[in-house]
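*Asks:* turn this into a structure:
(2 chains)
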There are 2 protein chains.
Amino acid sequence: MQSPGFLLIISGPSGVGKTTITHEVERALGAVFSVSLTTRPITPKDVEGRDYYFVDKPTFEARRDRGELLEWAEVFGNCYGTPRGPVQDTIAAGRIMILEIDVVGAIQIKARMPEAYALFVLPPSENELLRRLRSRKREDETVIQRRFAKAKSEIIQAWECSIYDDFIVNRDLDKAVAEAVDLVRQRRDR
Amino acid sequence: MQSPGFLLIISGPSGVGKTTITHEVERALGAVFSVSLTTRPITPKDVEGRDYYFVDKPTFEARRDRGELLEWAEVFGNCYGTPRGPVQDTIAAGRIMILEIDVVGAIQIKARMPEAYALFVLPPSENELLRRLRSRKREDETVIQRRFAKAKSEIIQAWECSIYDDFIVNRDLDKAVAEAVDLVRQRRDR
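*Replies:* Here you go, the predicted model:
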């Protein structure tokens, strides 16, 4: 018997290693990554349809107003949204659709799709989170401290909003990946 | 060479399994449990010097005013405090002193002893926490919901206060015990 598909939401502060975990879950369980729609300008590094679907603002707004987006947000003047169609098609085909999204987006999604499974990745400690934020990029300390403050408030929001089905700590990446894969598999096979 | 002693603070919401974890850490590392001073009446189940040191209020206040308590709090009219002497003696003897305490108490301790190592035990999810709170005791739903709300605010406080050195999730008790013992051992041997 084929397992039914479902939507997997993965959230966690920047620097926590959630993108690596997400990709390992995708690989281990043959899941499909949701590609967002965005109005931000395309750069030479971007691949259309892999990183984002790039559209202009009127197109974005038209699709949003037709109810084609599961959630959307505006960040620094650019709009980002999750197209509903691919999510529904992937789930209907019995596969897992992965959405890497922040807490605010996750709340919107869970309100529309309460059966979605939401996983939050925590850092092992604040010091370790700060260390990872510092090691990742050559950014000045002000930017790092801003990211760190945002990460902390994201964690607090995650516990406050009550939508997450499971929390894992990423202290050791291999263990965190194994734990995430195990939890998603349990959700699939339940 | 003997490892130097230190104070180990363990916190976590009620129902998270922290007492079991604490006892396993105590056993694995030959640590010593801090016994609190209290003004609450002794009951037939209590053993003086094992569960608490039972004193009257003037004695408690005199000891507090002489600076003999590392932290103290009043809960439902009863005072509870951590005697400083046994903590200092145990650490001086090169052993680990364990203090199971709430976030407010942990903040007081860390302010006086910044070298203390503070560990916070998280539930794997809110649903699992609620399930554990319900299974533990025959309490009515109002009491359980109050404990649940307190547990959530304790978790949020723990991330807000920035004093915890490590967070672990107790999803599987054996794994959580192993992780806690490992972290405390690393702190000891560093």
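
*Asks:* got the end-to-end distance for stretch A:3-12?
*Replies:* End-to-end distance of stretch A:3-12 (C-alpha to C-alpha, to the nearest Å): 27 Å.

*Asks:* who touches A:Asp165 in this structure?
*Replies:* Each residue near A:Asp165 by C-beta atoms under 8 Å, 6 or more residues apart in numbering or on different chains is listed here: A:117-119, A:187, B:125, B:127. Any C-beta I mention is one placed from the backbone N, CA and C, and that applies to glycine too.

*Asks:* typed the wrong thing, it's A:Val16
*Replies:* By C-beta under 8 Å, 6+ apart, A:Val16 lies in contact with A:121-123, A:129, A:132, A:151, A:170.

*Asks:* and if we set it to 6 Å?
*Replies:* A:121, A:123, A:170 (C-beta atoms under 6 Å, 6 or more residues apart in numbering or on different chains).

*Asks:* show me which of these is closest to chain B.
*Replies:* Of all the contacts of A:Val16, A:Pro123 has the smallest distance to chain B: 7.8 Å, by C-beta to the nearest C-beta.

*Asks:* any idea which element the closest residue in space to the closest one that isn't next to it in sequence lies in?
*Replies:* Distances taken as C-beta to C-beta, 6 or more residues apart in numbering or on different chains put A:Leu129 closest to A:Pro123, at 3.8 Å, once the chain neighbours are dropped. Per DSSP states H and E: A:Leu129 is located in helix A:126-136.

*Asks:* and that helix, what does it pack onto?
*Replies:* When contacts are defined as 3 or more C-beta pairs under 6 Å, 6 or more residues apart in numbering or on different chains; DSSP states H and E, helix A:126-136 packs onto helix A:141-161.

*Asks:* hmm, the helix it packs on in reach of chain B?
*Replies:* Yes: contact of helix A:141-161 with chain B (C-beta under 6 Å from any C-beta of the partner chain) involves A:155-156, A:159.

*Asks:* next one: the helix or strand A:Val25 falls within to chain centre, how far?
*Replies:* Following DSSP H and E, one finds A:Val25 within helix A:18-29. Put simply, helix A:18-29 sits 11 Å off its chain's centre (C-alpha atoms, centre = their mean, to the nearest Å).

*Asks:* of the residues of helix A:141-161 next to chain B - the most surrounded one?
*Replies:* Among those, A:Ile155 has the most neighbours (other C-beta atoms under 10 Å in any protein chain shown), with 27 neighbours.

*Asks:* isn't that one right next to B:Glu160, touching?
*Replies:* No: contact status for A:Ile155 versus B:Glu160: not in contact, 9.4 Å apart, counting by C-beta atoms under 6 Å.

*Asks:* follow-up on the earlier one: ok, the residues of helix A:141-161 next to chain B vs B:Ala93, which is closest?
*Replies:* In terms of C-beta to C-beta, no member of the residues of helix A:141-161 next to chain B lies closer to B:Ala93 than A:Ile155, at 37.5 Å.

*Asks:* check the gap between the closest one and A:Ile101 for me.
*Replies:* Remark: distance between A:Ile155 and A:Ile101 (C-beta to C-beta, to the nearest Å) = 15 Å.

*Asks:* circling back: let me have the contacts of A:Val16 in JSON lines, adding pLDDT as columns.
*Replies:* What follows is the contacts of A:Val16, written out as JSON lines (pLDDT from 0 to 100):
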{"residue": "A:Val121", "pLDDT": "98"}
{"residue": "A:Pro123", "pLDDT": "97"}
{"residue": "A:Asn170", "pLDDT": "97"}
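
*Asks:* among those residues, which lie within helices?
*Replies:* Per DSSP state H, helices hold no members of the contacts of A:Val16.

*Asks:* is it possible to get CSV of the residues you listed that adds neighbour count?
*Replies:* Converted to CSV, the contacts of A:Val16 look like this (neighbours: other C-beta atoms under 10 Å in any protein chain shown):
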residue, neighbour count
A:Val121, 26
A:Pro123, 26
A:Asn170, 24
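
*Asks:* just the buried residues out of the contacts of A:Asp165, in PyMOL syntax.
*Replies:* To isolate the buried members of the contacts of A:Asp165 in PyMOL, using 16 or more other C-beta atoms under 10 Å in any protein chain shown:
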select buried, (chain A and resi 117+118+119+187) or (chain B and resi 125)
